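> Sequence first, predicted coordinates after that:
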Amino acid sequence: MKAQILPGPKAKALIARDHAVVSHSYPRGYPFVMDHGKGTEVWDVDGNRYLDFAAGIAVAATGHSHPDVVRAIQEQAEKFIHISSDFYHEKWVQLSEELNEIAPFKEDARVFLTNSGTESVEGAIKLARYHTNRPNFIGFFGGFHGRTIGAVTFTASKNKYKRGFSPLMNGVSHAPFPDPYRPILDLTPGEDYGERVVRYIEEQILEQLSPPSEVAGILVEPIQGEGGYVVPPPGFFPALRKLCDQHGILLIVDEVQAGMGRTGKWWSIENFGVEPDIVTSAKGIASGVPLGAVIARKSVMSWPKGSHGNTYGGNPLACAASLATINAIKNGYLENTRNTGAYTIQKLEEMQIRHPCIGQVRGMGFMIGIEFIKDPQTKDPDEALRDRVVDLAFEHGLLTLGCGKSVIRISPPLCTSKEQVDEGLNILEEAISIAENG
Ligand SMILES: Cc1ncc(COP(=O)(O)O)c(C=O)c1O
């Protein structure tokens, strides 16, 4: 694989125009300028081809421009593009029925459609307060839930998200997320680290900070995304569910990144054997058309007419794209994610043996994290090496994204084949080899 000189001339020119007028707050990584895409392949404006193992931050669930999704949007656009949430239309109802069908709890669901992950989180926070009539919440270090004032209060992955934006929302306490690779709490013999974290919530937060009768909800990503693709130990969610039941606290799972089939199940919480009360969704739900959802147990979504709403909620183009997306995931991509995801993890574990700078490979389905370390004994994160690998992979034709301190996330479209995984991992390994050699 030959490295490409990037950015090319057309990309360079467009980036200069971008810098002049687009908000500088966007966290741009390397200079990829998209021209078009098909499935897991994308091309930049200079004609260079890449494999996309980032999928627009785990959004392009069905790959780029899936023909069924394109057709659904086109057909809907011919009929009408907008009518507002003051009125009714069939695709909105149909999508809510589909989401009720796949919701990760036995009770019937009610659905509130949004325009983004952050708006879903804000909706869930408001719903939990409204339903419980309680003010406080618990979130987790390493969590990412968005950037509006409410959502960013919960976000605790990097302090740059909060710097300069205080005062934030009142009443939110944070607990450590149970990262089995980097535990920070002492364990009693035989204790599951996930159960230990729940004990911390009980003893430190509920007993010392926030009376349980005043806690509306616990907001948690079943597998942390931005925080480093961290998978909690098996004891965590059963213990957390028990704690919530004991005190009438709502369990709110943020499935914005890990949901919609990404782990090989519709919702990542289904990997842990408990039922949540509220689910937030977005990203993969409509293959890239802006759409999100708050999916709650019917008994929990108790807010009355006029208490919450939005202009674009139930946008018909987004609903059409989402229905086509769900159909494609149902008819093959869920299974592909399970099988090809397991194959990818196995290949990465083999790669780990050849490269001691890889401290851990973890994940489920197509939500896979590769953690880079300086030394297998100390496990010190190697952020510089990770950044170099991401840049080199790009120069050799593979798009990836970092997360956590020193992790690369592998989150390709759910349609990605074994052949594409092989091609992408060859590029990744070459990038790692070059980076290791300085
Ligand atoms: C778990 C999680 N929640 C919420 C959000 C915010 O979503 P959005 O950027 O669509 O507002 C993100 C975005 O990365 C996320 O990963």
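That came in fine, so what should we check first? Residues are numbered from 1 along each chain as shown.

> for stretch 211-226, the distance to its chain's centre please.
When distances are taken as CA atoms, centre = their mean, to the nearest Å, stretch 211-226 is centred 16 Å away from the chain's centroid.

> Going by neighbour count, list what's buried in that stretch.
Counting neighbours by 16 or more other CB atoms under 10 Å, one finds that the buried residues in stretch 211-226 are 212, 215-226. Heads up, the C-betas are built off the backbone N, CA and C, glycines and all.

> May I see those organised as TSV, with distance to the ligand, secondary structure and pLDDT added?
Shown next, in TSV, are the buried residues of stretch 211-226 (distance: CB to the nearest ligand atom, whole Å; DSSP: H, G, I helix; E, B strand; the rest coil; pLDDT from 0 to 100):
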residue	distance to the ligand	secondary structure	pLDDT
212	25	helix	98
215	20	strand	98
216	18	strand	98
217	15	strand	98
218	15	strand	99
219	9	strand	99
220	10	strand	99
221	5	coil	98
222	10	coil	98
223	9	coil	98
224	8	strand	98
225	4	coil	98
226	6	coil	97
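
> what's around the residue in the stretch 1-150 of the chain that the ligand sits nearest to, how many residues?
In the stretch 1-150 of the chain, the residue that lies nearest the ligand is residue 117 (2.3 Å; CB to the nearest ligand atom). By the criterion of other CB atoms under 10 Å, residue 117 has 29 neighbours.

> which residues does it contact?
145, 146, 254, 256, 257, 280, 281, 282, 283, 292 (CB atoms under 8 Å, 6 or more residues apart in numbering).

> Thought residue 284 was touching residue 292, still the case?
No: using CB atoms under 8 Å, residue 292 is not in contact with residue 284; the gap is 10.7 Å.

> of the contacts of residue 117, closest to residue 377?
Distance to residue 377 across the contacts of residue 117 (CB to CB) is lowest for residue 257, with 31.7 Å.

> higher neighbour count, residue 292 and residue 284?
Counted by other CB under 10 Å, residue 292 and residue 284 do not tie: residue 284 has more neighbours, with 32 against 26.

> thinking again about what came up before, now narrow the contacts of residue 117 to whatever sits close to the ligand.
Intersecting the contacts of residue 117 with the contacts of the ligand gives 145, 146, 254, 256, 257, 282 (criterion: CB under 6 Å from any ligand atom).

> so of these, which ones are in strands?
Using DSSP state E, the members of these that fall within strands are residue 254.

> Let's have the ones next to the ligand among the contacts of residue 117 in CSV, adding pLDDT and neighbour count.
Converted to CSV, these look like this (pLDDT from 0 to 100; neighbours: other CB atoms under 10 Å):
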residue, pLDDT, neighbour count
145, 98, 32
146, 98, 22
254, 99, 33
256, 98, 29
257, 98, 28
282, 98, 26
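
> what about residue 113, which helix or strand?
Assigned by DSSP states H and E, residue 113 belongs to strand 109-114.

> Who are the packing partners of that strand?
With contacts taken as 3 or more CB pairs under 8 Å, 6 or more residues apart in numbering; DSSP states H and E, strand 109-114 sits against helix 90-102, helix 117-132, strand 292-297.

> and the first one with strand 109-114, angle?
Right, the one you point to is helix 90-102. Here helix 90-102 runs at an angle of 130 degrees relative to strand 109-114 (axes from the mean of the first three to the mean of the last three CA atoms, to 10 degrees).

> What of the last one?
What separates the directions of strand 292-297 and strand 109-114 is an angle of 160 degrees, with the same axes, to 10 degrees.

> Paired strands for strand 292-297, with orientation please.
Sheet pairing for strand 292-297, assigned by DSSP bridges, gives strand 109-114 (antiparallel), strand 278-281 (antiparallel).

> which of these is buried the deepest?
strand 278-281 (a mean of 30; mean count of other CB atoms under 10 Å).

> Quick one: mean pLDDT over that strand.
If you average the pLDDT over strand 278-281, you get 99.

> Just the CA trace of the strand or helix carrying residue 138, in PDB.
Residue 138 is part of strand 136-140 when elements are defined by DSSP H and E. Taking Å, rounded to 0.1, in the frame of the first residue of the first chain, the C-alpha atoms of strand 136-140 are listed here in PDB:
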ATOM      1  CA  ASN A 136     -31.200  15.000  40.700                       C
ATOM      2  CA  PHE A 137     -29.300  12.500  38.400                       C
ATOM      3  CA  ILE A 138     -26.200  10.300  38.400                       C
ATOM      4  CA  GLY A 139     -23.900  10.100  35.400                       C
ATOM      5  CA  PHE A 140     -20.500   8.500  34.800                       C
END
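
> Got the phi and psi for residue 395?
When read as degrees, to the nearest 10, the backbone of residue 395 gives phi -60, psi -20.

> from what I can see it touches residue 4, true?
Yes: Residue 395 lies in contact with residue 4 (CB under 8 Å); the separation is 5.7 Å.

> about what we covered before: so which elements touch the strand holding residue 138?
helix 149-154, strand 172-175, strand 215-220.

> how about the nearest residue to the one residue sitting closest to the centre of the chain, chain neighbours excluded?
The C-alpha lying nearest the average C-alpha coordinate of the chain belongs to residue 257 (CA atoms, centre = their mean; 1.6 Å). The spatially closest residue to residue 257, leaving aside those adjacent along the chain, is residue 225, at 3.6 Å (CB to CB, 6 or more residues apart in numbering).

> which ones are touching that neighbour?
58, 144, 256, 257, 258, 367, 403, 409 are the contacts of residue 225 under CB under 8 Å, 6+ apart.

> among the residues you listed, which are in helices?
Using DSSP state H, the members of the contacts of residue 225 that fall within helices are residue 58.

> who wins for neighbours among the contacts of residue 225?
residue 258 (31 neighbours).

> Could I get the contacting residues of that one?
221, 222, 223, 225, 267, 268, 367.

> picking up where we left off before, from what I see, the residue nearest to the centre of the chain and residue 283 are in contact.
Yes: assessed by CB under 8 Å, residue 257 is found in contact with residue 283 at 5.8 Å.

> what is in contact with those two at once?
In contact with both residue 257 and residue 283: 57, 58, 117, using CB under 8 Å, 6+ apart.

> And the pLDDT for the last one?
Just to be clear, that refers to residue 117. 98.

> Those residues of the stretch 301-438 of the chain touching the ligand, which are they?
So the stretch 301-438 of the chain never meets the ligand (CB under 6 Å from any ligand atom).

> helices and strands around the helix ranked longest in the chain, which ones?
Counting residues, the longest helix found in the chain (DSSP H) is helix 334-354. Packing contacts for helix 334-354, counted by 3+ CB pairs under 8 Å, 6+ apart, involve strand 358-364, strand 367-372, helix 418-436.
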